[in-house]
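S.K.: output the structure for:
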Amino acid sequence: MKRSRFLVLSLVTVLTAALGAAWVAMPAYAAGPSATFVKTSDWGSGWEGKYTVTNGGTSTINGWSLTFDLPAGTSVGTYWDALLTSSGQRYTFTNRSWNGSVAPGASVSFGFIASGPGSPTNCRLNGAACGGGTTPSTPPPTTAPPTTPPPTTPPPTTAPPTTPPPTSPPPVTGLPKHILTGYWHNFDNPAVELRLRDTPAEYDVVAVAFADATATPGAVAFAVDPGLSSALGGYTDADFSADVRTLQSRGKKVIISVGGETGRVAVNDAASATAFSDSVYALIQRYGFDGVDIDLENGLNPTYMGQALRSLRAKVGSRLIIAMAPQTIDMQNPTTSYFKLALDIKDILTVVNTQFYNSGAMLGCDQNAAYGQGTVNFIVALACIQLEAGLRPDQVGLGLPAGPGAAGGGIVAPSVVNAALDCLTRGTNCGSFRPPRTYPGLRGAMTWSVNWDVSNGNGFARTVGPHLDTLP
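M.R.: This next block holds a predicted model:
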């Protein structure tokens, strides 16, 4: 956020696994951990794969590692619900923090997108054959296959829109299914100055920008900015607190955002994690905030920020809203920075509103082309990375500038935001890039900022806000 101014594929999904596929009887193996693979879709030049790890034994599996080979010319791109390392054509997927324990009789799954025509071979689960044993416990069946003819109804030519099932339930925050988030300026700049209570009604969540670092590492503080107070003819902390309650009485949520372009909050060890949690909790108690937004544009330590947010959640409870506003580059690799933090706290995370602006051209989830910012393709292809790498659709929001003055690049008309929302949730109004599935539960949109939106005639809120109400 700026404190001052500021695949290409036509996807045809093949349903051979569900319609018209021939099933081959396999020998039964001795009980124990096993893994099964299925291609959930295939579009010729690439495919989506899913492995399911099942504990057929009598004791809990505490951690799993699954390896397999892919032929030359086939490679893994986006993946979700696992961690990935590779050496040549040998790929190793290991559990994440929330799905490593598998009770007897239970199973967990992970998935990935691959390019090329090949399929996995030489699968090993925790060092043993993925089939769960090396010798059959009973001979393979000799019964002839059924002679009933296949159905005469032709299979559909495209798959129905589907979304992978969530791996954890959404936190209880009292938010609508689809939300519009806007940042409110606690500073004086060329955008119009506003009292908090004058935020337009279309906004469901208002992120107060910003809480700032103190002399204590990790700790943050907030008070009404003197320059803003002067510009508004006198606006006090008491006025602001009353405005928080006013917005909440209208059914809105107000959260405190930490950081911004010039923010220097650092949570790099256990002590600073505690200081962060304690200081944000104190602000919640003092002003009545509904949650916290992490908007650190100068890097973060996912381990200790995760520790701090879990500590804060333990203090506040399930109603706590935890939002993030990473830059586009921070959500490219699931193993680093913001992306790792989001996946590590997926069970308590509310929404990630990635800033799809000030980015230049970047690769999307197809990894085949660089998409230019300021287009439907860019927004959809980059949001697809998060949606296919493990975040639930209800945890993904689209962050865009609210018109001229709000950003240095990537400004789009609100109608472009609506088209991206349609493409992701319905599969309509897409550009040349189409995601591998639709995501009806997509959380919504965010804008920088409320103040810039009002300065530009409220076009963002009045266009995108009502459109969110029409989404599935």
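
S.K.: phi and psi next, for the residue lying closest to residue 75 once chain neighbours are set aside.
M.R.: What sits nearest to residue 75 in space, not counting adjacent residues and going by CB to CB, 6 or more residues apart in numbering, is residue 115, at 5.8 Å. C-betas here are computed from N, CA, C, even on glycine. Main-chain torsions, residue 115, degrees, to the nearest 10: phi -110, psi 140.

S.K.: my guess is residue 115 meets residue 46, correct?
M.R.: Yes. Counting by CB atoms under 8 Å, residue 115 does reach residue 46; the two are 4.4 Å apart.

S.K.: comparing the two, which residue is more hemmed in?
M.R.: residue 46 (22 against 17; other CB atoms under 10 Å).

S.K.: all the helices of this structure, in order from the start?
M.R.: For the chain, applying DSSP state H gives helices covering 226-231, 237-249, 270-287, 302-316, 337-344, 376-388, 414-426, 450-455, 459-468.

S.K.: who touches residue 32 in this structure?
M.R.: 56, 57, 128, 132, 133 (CB atoms under 8 Å, 6 or more residues apart in numbering).

S.K.: out of the helices of the chain, nearest to residue 85?
M.R.: Closest approach to residue 85 among the helices of the chain is made by helix 337-344 (14.4 Å; CB to CB).

S.K.: packing partners of the closest one?
M.R.: helix 302-316, strand 321-324 (3 or more CB pairs under 8 Å, 6 or more residues apart in numbering; DSSP states H and E).

S.K.: taking helix 302-316 as reference, get the angle to that helix.
M.R.: Angle of helix 337-344 versus helix 302-316, following axes from the mean of the first three to the mean of the last three CA atoms, to 10 degrees, is 50 degrees.

S.K.: residues touching helix 337-344, excluding its own?
M.R.: For helix 337-344, contacts defined as CB under 8 Å, 6+ apart pick out 96-97, 294, 299-300, 302-303, 305-306, 324, 326, 330-334, 349, 352, 386, 389-391, 395.

S.K.: change it to 7 Å
M.R.: Contact with helix 337-344 is made by 96-97, 299-300, 302, 305-306, 324, 326, 330-331, 333-334, 349, 352, 390-391, as judged by CB atoms under 7 Å, 6 or more residues apart in numbering.

S.K.: one more: stretch 404-422?
M.R.: Outside stretch 404-422, the residues that touch it by CB under 7 Å, 6+ apart are 2, 5-6, 190-191, 356-359, 373-374, 376, 379-380, 398, 400-401, 403, 428-429, 442, 445, 448-449, 452, 455-456, 459-460, 463-464, 467, 471.

S.K.: ok now it, how far from the chain's centre?
M.R.: Taking CA atoms, centre = their mean, to the nearest Å, one finds stretch 404-422 lying 19 Å from the centre of the chain it belongs to.

S.K.: start to end distance for that stretch?
M.R.: 24 Å (CA to CA, to the nearest Å).

S.K.: residues near the spatially closest residue to residue 121 that is not a sequence neighbour, how many?
M.R.: With CB to CB, 6+ apart as the criterion, residue 121 has its nearest non-adjacent residue at 5.0 Å, and that residue is residue 69. Neighbour count of residue 69, defined by other CB under 10 Å: 16.
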